[in-house]
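Chemist: Okay, here's the prediction I keep looking at, along with the sequence it came from:
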Amino acid sequence: MRFDWWTLALQVVNFAILAWLLHRFLYRPVLRMVDARRTEIDKRRQDADALAAKAEAELATIAATRDGIAAERSAALQAAAAEAETAAAARRAKAEQDAAALLDAGRKTLAAERTAATAEARELAVDLGIEIAQRLVQEIPAELRAEAWLDRVERHLAGLAPEQRAAALGDLAGAEIGVVTAVPLPAPSEAEWRRRLEPTLGDRVVLRFSADPLLLAGVELHFPAAVLHFSWRDELAALRGEIAGHGDAR
């Protein structure tokens, strides 16, 4: 078998031309397509990474928002619970205050009613005493209702010093003095009163006798400057005042 160098050379040239044609018209376009495809893939990967980063950021924002909403909800619940507790405490305090005020008002009302009842009972007791005194006085003879007080009046006037008598009773020279008794005095009784009072008051005084049934018993001496009371009416009035004062003090 004989080796043909020309044929080898032509084959080499043909291969070289074929390789050049393939490189120029096939390999290089394919490389450009591959590069373009790679570039597109890289761009899509970058876009996907960007979208993933954006999604992660949005997820983080959503998570933060959710945490904020949860915190706000918890704070709102705590505030509502605190407000409810405050309102409940205020209502309890108001209820306790109202109950205390009602109890205090009840106590005051009860005390006022007790005081009023006690005062009324005292008034009734005094009125009953006055009624009993009136009935007892009616059993005493008329001339004795005033004469029983004559000794007391005489001792009182005799016990006054001259300056005390002048300051309390005024100038009695020629004065008219009213002698008021619970019942009209008989003439002998009037004469007895004049006989016993004129030495103390002076014989220049003029005694005028009159009657006032409201005195119950006793006598009142009406001087120009003062009135001396020696009667059950004044004694009972003083007693009523003492009872009323004792009730007020309580």
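Modeler: Structure's in. What do you need?

Chemist: from the middle of its chain, how far away would stretch 58-74 be?
Modeler: Taking the mean of its C-alpha atoms, stretch 58-74 sits 49 Å from the chain's own mean (CA atoms, centre = their mean, to the nearest Å).

Chemist: Report the rounded mean pLDDT for that stretch.
Modeler: The average pLDDT within stretch 58-74 is 82.

Chemist: contacts for that stretch?
Modeler: By CB atoms under 8 Å, 6 or more residues apart in numbering, the list of residues contacting stretch 58-74 from outside is empty. (Glycine included, C-beta is placed from N, CA and C.)

Chemist: What are the boundaries of the strands in this structure?
Modeler: Secondary structure of the chain, counting by DSSP state E: strands at 176-181, 206-211, 218-222, 227-231.

Chemist: Of those, which is nearest residue 101?
Modeler: strand 227-231 (48.3 Å; CB to CB).

Chemist: what lines up beside that closest one in the sheet?
Modeler: strand 218-222 (antiparallel) (DSSP bridges).

Chemist: and the strand it pairs with with strand 176-181, angle?
Modeler: Counting by axes from the mean of the first three to the mean of the last three CA atoms, to 10 degrees, strand 218-222 lies at 160 degrees to strand 176-181.

Chemist: what's the angle from strand 218-222 to strand 206-211?
Modeler: 140 degrees.

Chemist: Mind listing what's buried along strand 218-222?
Modeler: Within strand 218-222, the residues scored as buried using 16 or more other CB atoms under 10 Å are 218, 219, 220, 221.

Chemist: what's the answer for stretch 53-66, then?
Modeler: So stretch 53-66, judged by 16+ other CB under 10 Å, has zero buried residues.

Chemist: Dump that stretch to PDB, restricted to CA.
Modeler: Output in PDB follows, covering the C-alpha atoms of stretch 53-66 (Å, rounded to 0.1, in the frame of the first residue of the first chain):
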ATOM      1  CA  ALA A  53     -34.100  39.900  49.800                       C
ATOM      2  CA  LYS A  54     -37.100  42.100  49.300                       C
ATOM      3  CA  ALA A  55     -39.500  39.300  50.400                       C
ATOM      4  CA  GLU A  56     -37.300  38.700  53.500                       C
ATOM      5  CA  ALA A  57     -37.400  42.500  54.200                       C
ATOM      6  CA  GLU A  58     -41.200  42.600  53.800                       C
ATOM      7  CA  LEU A  59     -41.500  39.500  56.000                       C
ATOM      8  CA  ALA A  60     -39.300  41.200  58.600                       C
ATOM      9  CA  THR A  61     -41.500  44.300  58.300                       C
ATOM     10  CA  ILE A  62     -44.600  42.200  58.600                       C
ATOM     11  CA  ALA A  63     -43.100  40.300  61.600                       C
ATOM     12  CA  ALA A  64     -42.200  43.700  63.200                       C
ATOM     13  CA  THR A  65     -45.700  45.000  62.500                       C
ATOM     14  CA  ARG A  66     -47.200  41.900  64.000                       C
END
